[in-house]
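# Sequence first, then the predicted structure, then my questions.
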Amino acid sequence: MPEKTDRRIDSSNRVLLVLIIVLAAFAVSGLYLWSRMEVPAPTPSDGAESPPSLAPLLSPAEPLPVMMFFPSGGVMASESVSVERQYDSQSQAREAVAALLTSPRSWQAPLLKNLRLSALYLDTSGTAYVDLVPASKDRDFRGSVRDELLAVYAIVNTLTQNFEEVKQVHLLIEGREAETLAGHIDLSEFFRARPDLARQ
C-alpha cells in the first residue's frame with residue numbers, strides 16, 4: 001500500500017476516534033443531567049388520602065399582623081396591627097415603623113406624633129438604622145424624660161419584638177447622628193429591647 005493511502009487511513013481513524021470520544025462525553029453529561037432532574041411527585045388519585053402538607057405560602061397581598069408598642073399612661077402598651085406585607089425583612093420593618101408613627105395611637109404620645117420615618121436600613125450584624133424626620137417644620141420635640149424614653153422604645157420594641165433579624169436599633173434624625181430627641185435620652189447608643197417597659 002502506498003504511503004499516502006496509509007496516512008489517509010491513520011488520519012480517518014483519528015477523526016473517528018475523536019468523534020467517538022466527543023459523542024461519549026455528550027452521552028455521559030446528558031445522563032448526568034437527566035439523573036439530577038427532579039421528578040414531580042405523583043398526585044393522589046380521587047378518593048386517595050393525600051399526605052399532610054406544609055401550610056401554603058401567604059400571598060404578598062395578605063396583611064401581616066405586627067405587635068406594635070405605644071406609650072400609654074406612662075408605660076408601654078402593645079396592640080396587634082395589620083400592615084401591608086413586603087417581600088423582605090428590611091422592607092417589612094420599614095413598613096411596621098411607618099405604620100407605628102402614623103397610627104392614631106401614636107398621635108396621643110407627645111413625641112411620636114411629631115415624628116415620621118424617612119428611611120430604615122438593616123445591616124448584616126442585626127442593627128436597624130432608623131432615620132426619623134419631624135412631621136412638621138416647627139420640630140416640636142418637647143417632652144419629659146419618660147415621654148422620650150417611651151417614644152424611643154416604642155420604635156425599638158416594635159422592631160426587636162417582631163423581626164428576629166433586628167438585634168438592636170440606632171436612631172438618626174434627618175440622616176445624621178443626633179445627641180438627643182427631646183434633651184434627655186442619649187441617641188448615640190444602640191438600643192436593645194426593653195420588655196420591662198410594657199404594661200404587665
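That came through fine. Just so it is clear, the model here is predicted, and its values are computed rather than measured.
# make it CA atoms for all contacts and neighbour counts henceforth
Fine.
# mind listing the strands for the chain?
Along the chain, the stretches classed as strands by DSSP state E are 64-72, 75-83, 115-122, 127-134, 168-173.
# To S91, which of these lies closest?
strand 115-122 (8.1 Å; CA to CA).
# Now do the closest one: everything it contacts.
Applying CA atoms under 8 Å, 6 or more residues apart in numbering, the contact partners of strand 115-122 are 90, 93-94, 97-98, 101-102, 128-135, 166, 174.
# what's the burial count for E95?
Residue crowding around E95 was assessed by other CA atoms under 10 Å; the count is 17.
# One more: T180?
Neighbourhood size, T180 [other CA under 10 Å]: 16.
# if we can go back for a sec, only the buried subset of the contacts of strand 115-122, as a PyMOL command please.
Isolation of the buried members of the contacts of strand 115-122 (16 or more other CA atoms under 10 Å) is achieved in PyMOL through the command below:
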select buried, resi 90+93+94+97+98+101+102+128+129+130+131+132+133+134+135+166
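# Export the strands of the chain as a markdown table, with columns for mean pLDDT and distance to N13.
What follows is the strands of the chain, written out as a markdown table (pLDDT from 0 to 100; distance: least, CA to CA, whole Å):
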| stretch | mean pLDDT | distance to N13 |
| --- | --- | --- |
| strand 64-72 | 90 | 70 |
| strand 75-83 | 89 | 73 |
| strand 115-122 | 93 | 65 |
| strand 127-134 | 93 | 68 |
| strand 168-173 | 94 | 72 |
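# Could you export those strands as TSV, including distance to A193?
Supplementary listing: the strands of the chain in TSV, determined by distance: least, CA to CA, whole Å:
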stretch	distance to A193
strand 64-72	11
strand 75-83	12
strand 115-122	16
strand 127-134	12
strand 168-173	7
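# in stretch 193-200, what counts as buried?
So, applying 16+ other CA under 10 Å, buried residues of stretch 193-200: 193, 197-198.
# what about it, distance to the chain center?
24 Å (CA atoms, centre = their mean, to the nearest Å).
# contacts for stretch 70-79?
Taking contacts as CA under 8 Å, 6+ apart, the residues outside stretch 70-79 that touch it are 67-69, 105-106, 109, 146-147, 150-151, 154, 197-199.
# For the residue positioned nearest the centre of the chain, which residues are in contact?
What sits nearest the mean C-alpha location of the chain, by CA atoms, centre = their mean, is S89, with 1.3 Å. For S89, the contact set (CA under 8 Å, 6+ apart) comprises 163, 165.
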